[in-house]
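A.B. asks: Any chance you could fold what I've pasted below:
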Amino acid sequence: QVQLVESGGGLVQAGGSLRLSCAASGRSSSNVAVGWFRQAPGKEREFVATISWSGGTKYYADSVKGRFTISSGNAPNTVNLQMNSLKPDDTAVYYCAARKNVLAGWTSRDSNDFGSWGQGTQVTVSS
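C.D. replies: This is a model prediction of the structure:
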């Protein structure tokens, strides 16, 4: 099992930036693909961005493409989500998800493909 802890959420004005981090730990925290998903009140959880453990494969939701960047962090087993030009529609709880023991270039946009989830971090963008 992979344990995940998100950090970096908060309140920001429209047009501002935030950086979320996802730290993975546990005996199976290597060879892990990581995805970010979000859920706004009254809405279904939706895909945001994902990265393979090699870092060579990245996918973004159309709604965040060009504004958000997913990357491997400097700390081991850490993935960052840099969010720029934030909009009120980006307001949601952001969840980090992981799937272990995957091929180097594998990742997915489907939340059902990820078995480990963090507790979530709130991002609020004011207009």
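A.B. asks: mind checking how far residue 123 is from residue 49?
C.D. replies: Distance from residue 123 to residue 49, counting by Cβ to Cβ, to the nearest Å: 13 Å. For the C-beta atoms, the positions are set from N, CA and C on the backbone; glycine is no exception.
A.B. asks: partner residues bridging the spatially most central residue of the chain?
C.D. replies: Here the mean C-alpha position of the chain is nearest to the C-alpha of residue 36 (Cα atoms, centre = their mean), at a distance of 2.4 Å. Counting by DSSP bridges, residue 36 is bridged to residue 49, residue 96.
A.B. asks: In contact with it, which residues?
C.D. replies: 20, 22, 48, 49, 50, 70, 81, 94, 95, 96, 97 (Cβ atoms under 8 Å, 6 or more residues apart in numbering).
A.B. asks: Between residue 123 and residue 49, which has more neighbouring residues?
C.D. replies: Between residue 123 and residue 49, residue 49 has the larger neighbour count (other Cβ atoms under 10 Å), namely 25 against 22.
A.B. asks: quick one: that one from residue 18, how far?
C.D. replies: Distance from residue 49 to residue 18, by Cβ to Cβ: 14 Å.
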